[in-house]
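[1] output the structure for:
(one chain, ligands or ions: 1)
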Amino acid sequence: VARILITCGPTREPLDPVRYLSNSSSGRTGLLLAEEALRRGHRVDLVLGPVGLAPPAGARVIPVVTCAEMLAACREAHPRSDAVIGAAAVCDFRPRAASTEKRRRGAPWLLELVPNPDILEDLGKRKGPRVHAGFALETESEPDAAIAHAREKLEKKRLDWVVINSPEALGGEEGFYLLLGREGPARNLGRLRKSELASALLEAVENSLKRSAPEPDKSDRV
Ligand code: C5P
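    The predicted model follows:
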């Protein structure tokens, strides 16, 4: 039994008390990963952005809104986790400052956006023996270019596994997936339902966990 930290859903970055920047992530993949991990007997810490779907019963849900909150929640849960799966669609930018009052209409509004931290990259710096996995949404039509790009992400974020998906997967029930590990070529998983993808990724993470487990201590054998 492992303790698995899963990030899920979009983040929202406030512009003022009533407006925000976000994206159209449904959170479906992350929730299915949580469900599959629980089915396999693991404990799940689910750091969950604002989604319209209910999380599976049995997960420890840590609700968050912004990237900063998601990062703080992940840093808090990471030390006691054995594996991390980054399935959240984190906003890459946030407004430099959110105004405390609702902006009046009329004059144009020029927004200044600043980059958000990369949560998986941050956790990667304190990875230790943990197994880390993430997603790479690639728009290149040439598979080799998509794989090369995903491999850069794997290195930069110190991931063990990267799921490469294409934009059709967004919001839908299924997608076309490739699975890239630290060793060997990318494995073409083909067209899968998101529940099937969840099972394939959990299988890969469990295999890595078995490999990274310390050798049993034989010193007290008689
Ligand atoms: O680099 P890119 O955004 O394509 O990487 C996607 C992966 O990184 C996903 O697993 C996503 O959850 C994670 N990510 C993150 N923090 C960000 C952006 C992406 O953890 N700020």
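
[2] going by C-alpha atoms from here, please, whenever you check contacts or count neighbours.
    OK.

[3] give me the number of residues near His149?
    16 (other Cα atoms under 10 Å).

[4] same deal with the one 10 residues further on?
    With neighbours defined by other Cα under 10 Å, the count for Leu159 comes to 26.

[5] now do the same for the residue nearest to it when sequence neighbours are not counted: its pLDDT.
    Leaving aside its sequence neighbours, Leu159 sits nearest to His132 (Cα to Cα, 6 or more residues apart in numbering; 5.0 Å). Listed pLDDT for His132 reads 98.

[6] who does the spatially most central residue of the chain bridge with?
    Among the residues of the chain, the one closest to the centroid is Gly86, at 1.6 Å (Cα atoms, centre = their mean). Beta bridges link Gly86 to Thr7, Gly134 when assigned by DSSP bridges.

[7] gap between the residue nearest to Leu159 and Pro14?
    29 Å (Cα to Cα, to the nearest Å).

[8] which one of the two is surrounded by more residues?
    Ranked by neighbour count (other Cα under 10 Å), His132 and Pro14 place His132 first, with 26 against 20.

[9] tell me which residues touch the more buried one, please.
    Ala83, Val84, Ile85, Gly86, Gly124, Arg158, Leu159, Asp160, Trp161, Val205 (Cα atoms under 8 Å, 6 or more residues apart in numbering).
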